[in-house]
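> predicted model and sequence below, questions to follow.
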Amino acid sequence: IFSTAKGLGLIKRKSEASIDATGMASHHVSQYFLRRRGRTKRYRPWTKLTIVCDNDTHLIAGADVRTGPSNDAPAFVPTLEPAVERLPIHRLLADAGYDAEAHHQLCRRLGISSSVIPINARGRNPESVSGKYRRQMQRRFPVRVYRHRWQAESVFSRVKRVLGDALTARASASRERECYCRVIAHDLSILRRAC
């Protein structure tokens, strides 16, 4: 998919990308109906899809599927590493759920020259931020650049509108496969429109 996108001139030499996660519904029953029936109190695990997308084309370069609700940070490495192989990422944008000095350092090791992740104080004193890159984010956070992160939300919106937000599979492994198939279908639909 990405070699075809490069051949069509869709991919820039230096791309800006965003990483984010969303929940996929486990059933087609609406939340309103469940609330009316008094069935929303029971804990239900759901499928969580994390993606790295190109902000210009909305192509998904990396994806990771887990069971939610869960912390966003553990999906950072398995989603970003394959994305870097497909997309020449110059700048990565992420929300505060991915705030960690190790994530900034990983970006530099992978050849990403700029990572924009807001500080998550985690209930501590915001003055006690440690790490070179996290202190850099605290001193001069690029607000205007960070606004581009909403492109990931646009990708999720498109995937859910076109392909649906509820998964049809029941087993966890099948849901994982279905999420990856939806990612591929999304990318193929973008390529088809570009041809």
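Noted; the coordinates are in hand. In this text, all values refer to a predicted model and were calculated from it rather than measured experimentally.

> CA atoms for contacts and neighbours, from now on please.
Noted.

> residue contacts, Thr47?
Contacts for Thr47 (Cα atoms under 8 Å, 6 or more residues apart in numbering) come out as 23-26, 65-68, 175-176.

> who does it bridge with?
For Thr47, the beta-bridge partners are Met24, Thr67 (DSSP bridges).

> do you know how far the residue lying closest to Pro118 once chain neighbours are set aside is from Ala169?
Computed as Cα to Cα, 6 or more residues apart in numbering, the closest residue to Pro118 that is not its neighbour in sequence is Ala96, at 5.0 Å. Distance of Ala96 to Ala169, computed by Cα to Cα, to the nearest Å: 31 Å.

> Ile190 contacts Asp54, correct?
No. If you go by Cα atoms under 8 Å, Ile190 and Asp54 don't touch, sitting 11.9 Å apart.

> quick one: which of those two has more around it?
Set side by side, Ile190 and Asp54 show more neighbours around Asp54, with 26 against 15, by other Cα atoms under 10 Å.

> for the more buried one, give me phi and psi.
Phi and psi for Asp54, reported as degrees, to the nearest 10, are phi -80, psi 120.

> and for the one 5 residues further on?
Reported as degrees, to the nearest 10, the phi and psi values for Leu59 are phi -70, psi 140.

> residues touching it, list them.
Contacts of Leu59 (Cα under 8 Å, 6+ apart): 53, 186-187, 190.

> if we can go back for a sec, compare the contacts of Thr47 and tell me which is most surrounded.
Ranking these using other Cα under 10 Å puts Val65 first, with 24 neighbours.

> tell me the mean pLDDT over the strand or helix carrying it?
Element membership of Val65, judged by DSSP states H and E, is strand 60-68. Throughout strand 60-68, pLDDT has a mean value of 94.

> which other helices and strands contact that strand?
Contacts defined by 3 or more Cα pairs under 8 Å, 6 or more residues apart in numbering; DSSP states H and E place strand 60-68 against strand 46-54, helix 76-86, helix 172-194.

> neighbouring contacts of that strand?
2, 23, 45-54, 75, 78-84, 86-87, 176, 179-180, 183, 186-187.

> go again with 6 Å.
Counting by Cα atoms under 6 Å, 6 or more residues apart in numbering, strand 60-68 makes contact with 45-53, 79, 82-83, 176, all of which sit outside it.

> do the same with stretch 82-93
Under Cα under 6 Å, 6+ apart, the answer for stretch 82-93 is 14-18, 61-62, 112-116, 149.

> redo that, cut-off 8 Å
Counting by Cα under 8 Å, 6+ apart, 2, 11-19, 52, 54, 61-63, 110-117, 146, 148-149 sit against stretch 82-93.

> which of these are buried, as a ChimeraX select command?
With 16 or more other Cα atoms under 10 Å as the criterion, this ChimeraX line picks the buried residues out of those:
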select :2,11,12,15,16,17,18,19,52,54,61,62,63,112,114,115,116,117,146,149
